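> For reference, the sequence and a predicted model appear below.
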Amino acid sequence: MRAIHATQAGGPEVLSAVELADPAAGPGEVVAEVAAAGVNFIDTYKRGGVYPMDFPHVPGAEGAGTVVAVGEGVTDLAVGDRIAWADAPGSYAERVVVPADVALPVPDALDLQTAAALPLQGMTAHYLVASTFPLHPGQTALLTAAAGGVGLLLTQLAVARGARVIGMVGSAEKEALAREAGASEIIRYTELDDLTTEVPRIVRDLTDGVGVDVAYDGVGKDTFDASLASVRRRGMLVLFGGASGQVPPFDLQRLNRAGSLFTTRPTLGHYTADREELLWRAGEIFAAAAAGTLKVRIGATFPLAEARAAHEALEGRATTGKVLLVP
């Protein structure tokens, strides 16, 4: 089969196409023929050496496809079933081994490319608004990268829960997308000289001087201070990603001085470790997408062999919505 190797820690240039033996399904596993693989920032962190990895490795852990082989002990999946997954390492390939306990049934009404675009970002958006900081009607949220893959989904889910979203974007095109998803106000960070002071000032102006109930920050280093300064007394900053780099250690007394704030650094795995919780989150997201109440934007698709270009586009913030690799 064709696959992509990250040959060593480094930039997108370390990605190359290779031929590998077809994988086999072990006990408790299935093999899926990949219809599309999701491209996510966590793939770039692993490729770049932010997270310890063995090299070479096949990047990617998200996708959707059709079961072509079933391993011993798997009783609830069969050849021909359509599944998606958020945690099957080696998904930048024509075929991938998927542990049966992370396989997500795809509704008949949902095409496989849309299904591939949802597991990681869709379930991330779900846990952020439903569990990490459960949003309620009348609350206000600040969201960085509001036109990104998570951002567009999170905005829709937040608005559906009755919340008001203030989105941060970098262009007029991205502003239009964020507003279409339901953002009430937009801050174009590229037009500001100093994010750390100007974003909180704008946010306070938009909230009668109070600040937001929660800031969902997936950008990290470049926006963390601005997000923290935008949160109201006893509010929460949820740092769920580091698209601009990792946030350096900071003095916890800042939370005290800023109004007894809360902050957390969640990850999807801790919100889907239980099979029942995993199926609940995926089921709600897939059902909403199939019904058309959750719009899924696939901003770019690349052939599998062009994984390097996909990473360059993602890291260069040249994409909106979801980026997919299609074998």
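The structure has been received and is ready for your questions.

> only C-alpha atoms for contact and neighbour calcs from this point on.
OK.

> Got the phi and psi for Ala37?
phi -120, psi 140 (degrees, to the nearest 10).

> who touches the closest residue to it other than its chain neighbours in this structure?
Leaving out its chain neighbours, the residue that sits closest to Ala37 by CA to CA, 6 or more residues apart in numbering is Gly63, at 4.0 Å. Residues in contact with Gly63 (CA atoms under 8 Å, 6 or more residues apart in numbering) are 34-38, 84-86, 91, 115-117, 119.

> mind giving me a markdown table with those residues and columns for secondary structure, neighbour count and pLDDT?
A markdown table is the format used below for those (DSSP: H, G, I helix; E, B strand; the rest coil; neighbours: other CA atoms under 10 Å; pLDDT from 0 to 100):
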| residue | secondary structure | neighbour count | pLDDT |
| --- | --- | --- | --- |
| Val34 | strand | 27 | 98 |
| Ala35 | strand | 23 | 98 |
| Ala36 | strand | 30 | 98 |
| Ala37 | strand | 33 | 98 |
| Gly38 | strand | 28 | 97 |
| Ala84 | strand | 32 | 98 |
| Trp85 | strand | 29 | 98 |
| Ala86 | coil | 28 | 97 |
| Ser91 | coil | 30 | 98 |
| Ala115 | helix | 31 | 98 |
| Ala116 | helix | 30 | 98 |
| Ala117 | coil | 28 | 97 |
| Pro119 | helix | 25 | 97 |
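
> Now tabulate the residues you listed in CSV and tack on distance to Glu175.
Supplementary listing: these in CSV, determined by distance: CA to CA, whole Å:
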residue, distance to Glu175
Val34, 33
Ala35, 31
Ala36, 27
Ala37, 27
Gly38, 24
Ala84, 30
Trp85, 30
Ala86, 28
Ser91, 32
Ala115, 25
Ala116, 25
Ala117, 21
Pro119, 25
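
> for the residue lying farthest from the centre of the chain, helix, strand, or coil?
Using CA atoms, centre = their mean, the residue of the chain lying farthest from its centre is Glu72. It sits 32.0 Å away. Secondary structure for Glu72, judged by DSSP: H, G, I helix; E, B strand; the rest coil, is coil.

> can you pull the contacts of the closest residue in space to Ala183 that isn't next to it in sequence?
What sits nearest to Ala183 in space, not counting adjacent residues and going by CA to CA, 6+ apart, is Val165, at 4.9 Å. If you count contacts by CA under 8 Å, 6+ apart, Val165 has them with 140-143, 155, 158-159, 182-185.

> Take the residues you listed and keep only those in strands.
140-143, 185 (DSSP state E).

> tell me the pLDDT at the residue farthest from the centre of the chain?
You'll see Glu72 listed with a pLDDT of 98.

> With adjacent residues omitted, what lies nearest to it?
Nearest non-adjacent residue to Glu72 (CA to CA, 6+ apart): Pro27, at 4.5 Å.

> how long is stretch 17-35 end to end?
By CA to CA, to the nearest Å, the extent of stretch 17-35 from end to end equals 17 Å.

> nope, stretch 138-152 is what I was after
This stretch, stretch 138-152, spans 20 Å end to end (CA to CA).

> What are the buried residues along it?
139-152 (16 or more other CA atoms under 10 Å).

> Also stretch 102-119?
For stretch 102-119, the neighbour count (16+ other CA under 10 Å) marks 102-107, 110, 112-119 as buried.

> do the same with stretch 168-187
Per 16+ other CA under 10 Å, stretch 168-187 contains these buried residues: 168-170, 174-175, 177-179, 181-187.

> right, and the pair among the residues you listed with maximum separation?
For these, the maximum inter-member distance is 16.9 Å, found between Gly170 and Gly182 (CA to CA).

> where do the strands sit along the stretch 51-200 of the chain?
Here the stretch 51-200 of the chain has its strands, by DSSP state E, counting those that start in this stretch, at 63-70, 82-85, 95-99, 104-105, 140-143, 164-169, 185-188.

> Just the C-alphas of the first one, formatted as CSV.
When you say that, I think you mean strand 63-70. C-alpha atoms of strand 63-70 as CSV (Å, rounded to 0.1, in the frame of the first residue of the first chain):
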residue,chain,number,x,y,z
GLY,A,63,-10.0,9.2,9.2
ALA,A,64,-12.9,7.2,7.8
GLY,A,65,-13.3,4.3,5.5
THR,A,66,-14.6,0.8,4.9
VAL,A,67,-13.7,-2.4,6.9
VAL,A,68,-11.8,-4.9,4.7
ALA,A,69,-10.6,-7.3,7.4
VAL,A,70,-11.7,-8.3,10.9
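
> Can you give the distance of it from its chain's centre?
22 Å (CA atoms, centre = their mean, to the nearest Å).
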